[in-house]
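1. One predicted model, sequence on top.
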Amino acid sequence: RRNNSAPAGPSNQEPFLRWITAIMDEANPPLVHSSSYSDKEVVMPIAFTDRLNVEFQKAGTRGLSLFFATGDDGASGIPCRYGNCSIFNPTFPPSSPYVISVGGTQWGRPDRAQGITTPTEVTADSVTGSFITSGGGFSNRYAMPEYQSMAVQNYVASTQMPPASMMYNTSNRAYPDVSAISTNFIIYLNGSQSPIGGTSASTPTTASIFSLLNQGRLQQSMPAFGFVNPLMYVLSNDAIPYFNDIVAGNNKCSAIATNCADYGFFAAPGWDACTGLGSPVFNLLSHATVLSTGNASVSIGGGSFTVESGSLLGPRGMWGPGVLAVAELKGTITGLTVTSGAASLKIYENGVAQPVSQGSINYFDCSPNGAPCYPKDPLSLFLTAPGESSSSFTVRVPFRMPRAQATGQFSLILDGKDQNKNSDFAVTFGYEF
């Protein structure tokens, strides 16, 4: 740890670099990491944070997801806890473009005068009964990454921003990315229950949600998320509420309700500098990022045509509603000669089949024995196999996932003809999402 009694410098820093390099030295590191610790960006040498960013990028390419707490003292940071609330103080690593930064929320009281009859999720704020105030704002060091530019620009254009005297730059990396409940976590301390709170609670909560999503993906032979920020911001553009949008509260104050700045950031529809995109909704994110699979088989005259496994492929594993994905099916033909067939793709929304544009969907021709697939004319593929023997095949079909519904299904139907028996058959392999 840094020696706080001595000036901060290259040789006197928090052990972030030792930690991440130790993780990267492992052959099979854990896929999800949650850190409830950060430091003021300004006291960390640029060379030090630059090197950390390199390691964070390496971690993402290895499939690791790094979650960091934004801090508990609002936009002005920990100096405000001790009465110095004159400027904003971004924290690092939360201000790194290559980690997932997590803010805090709390349950707000019903307000019948405003027509609010049930508790709503609002920005964690010490003034409104939270243990802390959610950290958030803009880096003073790193440029805004492209994946969040649209969301943040919408916020800056539509929300009253603090004066420039608070020392912040809206063209830089904005944080948090997401948030979760951070108040009234019950722990046992010395045999007694005790409520605690902080972004030290919301961050492992969020990390655990993505750990469960990762588990589902791995069970379906899908890649781990890794650096998940670009996917989250893509999903936030959809009409489906993958995140609870937090629209109330601000982060003017520190964790001490009497120590507040004159200015802070306000929650607003969409991304905001208090709670990011909002709190993740597990079941909807699961529908969007993890698909159920099974198998299907048909027997004809002693032979069989079996689809054994299926998965969704996409660029770096990042896909969701409205994004082009590829369905990959693997199967086996046993004791059956299939000389021709046709592939069709049906997309269902609320159980109703939707038309598929031939201009945006191309089907692939696939060779037997698991050989790769190559582009061919739309709506046609050919499967060949030696008579009365086994042959494996792989079929890959690109398609664009529907945007309008939170759940749905698609089916890939393979129609073939048994040359020896002169009978038609069809095998359907479906996903639900």
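-> Cool, the structure landed. These numbers come from a predicted model, not from an experiment.

2. ranges for the helices of this structure?
-> 16-24, 46-61, 78-81, 146-158, 199-219, 229-236, 282-289 (DSSP state H).

3. Just give the number of residues close to residue 249.
-> Residue 249: 26 surrounding residues under other CB atoms under 10 Å. C-beta: built from backbone N, CA, C; applies to glycine.

4. How about it: what's its closest non-neighbour residue?
-> residue 123 (2.6 Å; CB to CB, 6 or more residues apart in numbering).

5. Could you tell me which ranges of this structure sit under the pLDDT cut-off?
-> 1-12, 110-119, 239, 287-288, 291-433 (pLDDT under 70).

6. follow-up on the earlier one: ok, now which ones touch the residue nearest to residue 249?
-> Neighbouring residues of residue 123 by CB atoms under 8 Å, 6 or more residues apart in numbering: 103-106, 133-134, 246, 248-251, 267, 274-275.

7. again with residue 213
-> 225, 282, 285-286, 289-290.

8. farthest pair in those?
-> 225 and 282 (13.8 Å; CB to CB).

9. what about those two, which has more around it?
-> Neighbour totals were compared for residue 225 and residue 282, and residue 225 leads with 25 against 14 (other CB under 10 Å).

10. Enumerate the beta-bridge partners assigned to the residue nearest to the more buried one when sequence neighbours are not counted.
-> Closest residue to residue 225 apart from its sequence neighbours, by CB to CB, 6+ apart: residue 65 at 5.3 Å. Under the criterion DSSP bridges, residue 65 forms beta bridges with residue 32.

11. With residue 40 instead?
-> Applying DSSP bridges, one finds that residue 40 bridges with residue 91.

12. Count the residues that sit near it.
-> 15.

13. Hmm, residue 88 and it touching each other?
-> No - between residue 40 and residue 88 there is no contact, the gap being 10.8 Å when judged by CB atoms under 8 Å.

14. what residues are shared contacts of the two?
-> With CB under 8 Å, 6+ apart, residue 40 and residue 88 have common neighbours residue 77.

15. Give the buried residues for stretch 29-36.
-> 31-36 (16 or more other CB atoms under 10 Å).

16. and the residues you listed as JSON lines, adding distance to residue 218?
-> Output for the buried residues of stretch 29-36, formatted as JSON lines (distance: CB to CB, whole Å):
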{"residue": "31", "distance to residue 218": "8"}
{"residue": "32", "distance to residue 218": "12"}
{"residue": "33", "distance to residue 218": "17"}
{"residue": "34", "distance to residue 218": "18"}
{"residue": "35", "distance to residue 218": "23"}
{"residue": "36", "distance to residue 218": "25"}
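
17. out of those residues, which one sits closest to residue 49?
-> The nearest one, if we look at these relative to residue 49 and count by CB to CB, is residue 35, at 14.7 Å.

18. what ranges do the strands span in the stretch 101-250 of the chain?
-> Applying DSSP state E, counting those that start in this stretch to the stretch 101-250 of the chain gives strands spanning 120-123, 137-143, 172-175, 178-181, 185-189, 192-196, 243-244.

19. show me the contacts for residue 148.
-> Neighbours of residue 148 in contact, by CB under 8 Å, 6+ apart: 173-174, 177, 229, 233, 271.

20. what's near enough to touch residue 201?
-> 104, 181-183, 185.

21. now, among the buried residues of stretch 29-36, which is nearest to residue 94?
-> Using CB to CB, the buried residues of stretch 29-36 come closest to residue 94 at residue 35, 9.2 Å.

22. Does that closest one touch residue 70 like I think?
-> No - counting by CB under 8 Å, residue 70 is not a contact partner of residue 35; they are 11.1 Å apart.

23. what do the two both touch?
-> By CB under 8 Å, 6+ apart, no residue touches both residue 35 and residue 70.

24. tell me the contacts of residue 175?
-> Counted by CB under 8 Å, 6+ apart, residue 175 has contacts 70, 90, 94-95, 101, 103, 136-139, 273, 276.
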